[in-house]
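K.L.:
need a structure here:
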Amino acid sequence: MSAGFTRLTAPAAVLAGANIDTDVIMPKQFLKGIDRSGLARGLFHDLRFGPDSLPDPAFVLNPPEMAGCRILLTGPNFGCGSSREHAVWGMLQYGIRAVIGTTFGAIFADNAGNNGLLLISLEPEALAELMAASESTELTIDLEAQEIVAGSFIAPFAIEPSLRRAIMLGLDRIGETLMLAEQIRAFEAEYLASAPWLLDDQPK
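P.N.:
Coordinates of the predicted model:
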């Protein structure tokens with residue numbers, strides 16, 4: 001799980017095509033490892049690199065000014081296609097912490113929420129203004145205020161409270177459960193006290 005944040009200010013890259021699927025985000029040759037290592041290189045690999053394996057200067061993440069990119073602005077239905085969680089892992093390993101678009105693939109959105117990648121859905125008009133503003137200024141995502149700020153333009157956004165809290169605290173699903181460890185242990189002790197015969201089945 002990545003570190004949490006309340007405010008994120010960073011350059012934003014614009015990848016505006018529609019229906020960018022998980023095979024484009026993380027090509028299948030990067031799914032073979034037994035762990036999550038090396039996925040940053042796989043991110044948008046066939047777009048980021050040319051046939052000579054060198055970075056394509058025309059791709060949106062490759063210009064020098066995008067070295068600190070943490071925000072991606074996308075077209076509709078981003079993350080559609082197969083349910084490969086590697087796509088989210090690769091984005092986080094690369095440094096992308098938030099993706100702003102209009103709509104997202106459902107499974108990709110679930111994977112993003114489970115791993116701390118913030119997805120923000122905006123109306124097309126607001127997204128178009130942000131894309132234009134991102135050419136000349138960094139964007140700031142404020143989770144407390146639930147606003148995206150680009151110069152004088154402010155775009156409010158909605159987010160599920162539990163997801164907002166998890167991203168601010170840097171918690172994945174396991175981390176959220178462990179926050180309740182004391183309550184879980186107390187419930188377990190109370191339950192076993194009321195049903196002592198269950199202890200008869202425990203290993204000695």
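K.L.:
mean confidence for the strand or helix carrying residue 111?
P.N.:
Using DSSP states H and E, residue 111 sits in helix 106-115. Helix 106-115 carries an average pLDDT of 94.
K.L.:
How about residues contacting that helix?
P.N.:
1-2, 22, 78-80, 83, 85, 87-89, 92, 99, 104, 117-119, 163, 166, 172-173 (CB atoms under 8 Å, 6 or more residues apart in numbering). Backbone N, C-alpha and C define where each C-beta goes, glycine included.
K.L.:
And for stretch 148-168, what's in contact with it?
P.N.:
Contacts for stretch 148-168 (CB under 8 Å, 6+ apart): 4-6, 100, 113, 116, 118, 120-122, 126, 129-130, 133-134, 136-144, 146-147, 171-172, 175-176.
K.L.:
ok, of these, which come out buried?
P.N.:
The neighbour count (16 or more other CB atoms under 10 Å) marks 4-5, 100, 113, 116, 118, 120-122, 126, 129-130, 133-134, 138-143, 171 as buried among those.
K.L.:
rewinding a little: just the ones of the contacts of helix 106-115 in helices?
P.N.:
Judged by DSSP state H, helices contain the following of the contacts of helix 106-115: 22, 87-89, 92, 163, 166, 173.
K.L.:
Tell me the most packed of these, by neighbour count.
P.N.:
Counting neighbours by other CB atoms under 10 Å, the top entry in the ones in helices among the contacts of helix 106-115 is residue 87, with 30 neighbours.
K.L.:
which stretches of the chain form helices?
P.N.:
With helices called from DSSP H, the chain shows them at 22-25, 39-42, 45-48, 86-94, 106-115, 124-133, 161-169, 173-178, 181-194.
K.L.:
Contacts only, for the spatially most central residue of the chain.
P.N.:
Closest residue to the average C-alpha location of the chain: residue 117 at 1.6 Å, with CA atoms, centre = their mean. Residues near residue 117 by CB under 8 Å, 6+ apart: 2, 88, 91-92, 96-99, 111.
K.L.:
Apply 6 Å and report the result again.
P.N.:
Applying CB atoms under 6 Å, 6 or more residues apart in numbering to residue 117 gives the contacts 88, 91-92.
K.L.:
Identify, from the residues you listed, the entry nearest to residue 52.
P.N.:
Comparing these against residue 52 with CB to CB places residue 91 closest, at 24.7 Å.
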